[in-house]
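Enquirer: the amino acid sequence is not available; the structure is as follows:
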């Protein structure tokens, strides 16, 4: 499968201009789409403002999709060296938005994986999408009408993959079929974190579809949701107090779209790009768009997402009180390893090496 893909962007709720500027053009090749029926309630927190969940015959679907980007160009003509051809795997679901008399059917991405760090950063900035850079590989074999495609990615040292095999020639999706519902969405939507959404148009000809005679996913399915809605709270994994303090709030922050991760792991898997000498300097919040909030500002960023903590956010955002907060934070940060002497890491969290507390 090879189709021309053209994307342009427009923020909601503005009307789309008649003059459309192409942001990205590419070919999508050899798509593998694994489709799963799910309870729509599980997706409510991911539905961008201004859209509603879409369904087929009353059923809500998610899709795990792998494919190859080929001949990628920005603004219709700009080829970035070493970033023209690459793989992607994404986890998506489907929404609708009413625009006048038009019912726009689109996709929302929960997680997107690419092997190029720069691609992930540009996509986060341009669309606010939840991209991450991980090692990837693919294998596509064709023999006449028979075709096999496999896409894999590595996370925390383990490989996950999706694969499909087809033995008959492709054909256009039947009108009104599930295959047509899944493959023919021409809009994309993403939440922008400020109560607004971004809408972008995806232009391509209707795809021919292979009917799979065998398909599946292998690996840890939890890896597919490694990208939280609001971001990662990154803490020093060698500090016993830091570990216990952050995990004390786990049941508060996780339902609000945050995930917990130690700074050392974030640096090792490539999700955090920061120099080794500055890695453990501060607690951080890494947003899905690649922005970093550090130190006391990280606490304020999280507090703003919790309704009962917003008075704390409002008070300590004021200049005088913000200075007090930062002075208290810096004092504690300088002395956290002394405190950790009396608060060691739990034994069950040690994997492979013993953490070292520093004076």
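Expert: All right, it came through fine. Every value quoted in this text rests on a predicted model; they were computed, and no experiment measured them.

Enquirer: only C-alpha atoms from now on, for both contacts and neighbour counts.
Expert: Noted.

Enquirer: can you give me the strands in the stretch 1-150 of the chain?
Expert: 2-11, 24-38, 52-53, 60-74, 86-99, 102-114, 131-133, 136-143, 146-155 (DSSP state E, counting those that start in this stretch).

Enquirer: ok, the stretch 151-300 of the chain next?
Expert: Under DSSP E, counting those that start in this stretch, the stretch 151-300 of the chain gives strands at 158-166, 171-172, 187-191, 197-203, 208-209, 212-218, 231-235, 258-262, 284-286, 292-294.

Enquirer: want to throw those into a markdown table with mean neighbour count?
Expert: Listed next are the strands of the stretch 151-300 of the chain as a markdown table, based on neighbours: other Cα atoms under 10 Å:
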| stretch | mean neighbour count |
| --- | --- |
| strand 158-166 | 19 |
| strand 171-172 | 12 |
| strand 187-191 | 24 |
| strand 197-203 | 21 |
| strand 208-209 | 17 |
| strand 212-218 | 14 |
| strand 231-235 | 25 |
| strand 258-262 | 20 |
| strand 284-286 | 24 |
| strand 292-294 | 17 |
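
Enquirer: which of these has the lowest average pLDDT?
Expert: In terms of average pLDDT, strand 197-203 trails the rest of these, at a mean of 82.

Enquirer: remind me what that strand packs against, helices and strands.
Expert: strand 2-11, strand 187-191 (3 or more Cα pairs under 8 Å, 6 or more residues apart in numbering; DSSP states H and E).

Enquirer: now with 10 Å, please.
Expert: strand 2-11, strand 24-38, strand 102-114, helix 117-127, strand 187-191 (3 or more Cα pairs under 10 Å, 6 or more residues apart in numbering; DSSP states H and E).

Enquirer: now for the host helix or strand of residue 311, which elements pack on it?
Expert: Element membership for residue 311 (DSSP states H and E) is helix 310-316. Contacts defined by 3+ Cα pairs under 10 Å, 6+ apart place helix 310-316 against helix 296-304, helix 319-334.

Enquirer: the ones you listed: which one's closest to residue 282?
Expert: Among those, helix 319-334 comes nearest to residue 282, with 7.4 Å by Cα to Cα.

Enquirer: okay, buried residues for that closest one please.
Expert: For helix 319-334, a neighbour-count test (16 or more other Cα atoms under 10 Å) marks 322, 325, 329, 333 as buried.

Enquirer: which of those residues lies closest to residue 49?
Expert: Checking the buried residues of helix 319-334 against residue 49 by Cα to Cα gives residue 322 as the nearest, at 31.7 Å.

Enquirer: state the distance from the closest one to residue 297.
Expert: 9 Å (Cα to Cα, to the nearest Å).

Enquirer: any weak-confidence spans in the stretch 1-150 of the chain?
Expert: For the stretch 1-150 of the chain, the stretches flagged by pLDDT under 70 are 1-23, 76, 128.

Enquirer: returning to what we had before: pLDDT of the helix holding residue 311, averaged?
Expert: 94.

Enquirer: and that helix, what's buried?
Expert: For helix 310-316, the neighbour count (16+ other Cα under 10 Å) marks 310, 313, 316 as buried.

Enquirer: and the closest residue to the first one other than its chain neighbours, how far from residue 291?
Expert: Here the nearest residue to residue 310 in space, its sequence neighbours aside, is residue 304; by Cα to Cα, 6 or more residues apart in numbering that works out to 5.2 Å. Separation of residue 304 from residue 291 (Cα to Cα): 16 Å.

Enquirer: what number of residues lie near residue 290?
Expert: 22 (other Cα atoms under 10 Å).

Enquirer: wait, residue 162 sits on residue 149?
Expert: Yes: with contacts counted by Cα atoms under 10 Å, residue 162 reaches residue 149, the gap being 8.5 Å.

Enquirer: what do these two both touch?
Expert: Common contacts of residue 162 and residue 149 (Cα atoms under 10 Å, 6 or more residues apart in numbering): 32, 66, 138, 215.

Enquirer: can you tell me which two in those residues are farthest apart?
Expert: Among the shared contacts of residue 162 and residue 149, the pair separated by the greatest distance (Cα to Cα) is 138 and 215, at 14.9 Å.

Enquirer: quick one on the thing from earlier: reformat the strands of the stretch 151-300 of the chain as a markdown table; add distance to residue 24.
Expert: Converted to a markdown table, those look like this (distance: least, Cα to Cα, whole Å):
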| stretch | distance to residue 24 |
| --- | --- |
| strand 158-166 | 26 |
| strand 171-172 | 25 |
| strand 187-191 | 13 |
| strand 197-203 | 10 |
| strand 208-209 | 22 |
| strand 212-218 | 29 |
| strand 231-235 | 26 |
| strand 258-262 | 30 |
| strand 284-286 | 26 |
| strand 292-294 | 26 |
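
Enquirer: looking at the ones you listed, which is closest to residue 41?
Expert: strand 187-191 (17.6 Å).

Enquirer: what lines up beside the closest one in the sheet?
Expert: Counting by DSSP bridges, the strands paired with strand 187-191 are strand 102-114 (parallel), strand 197-203 (antiparallel).
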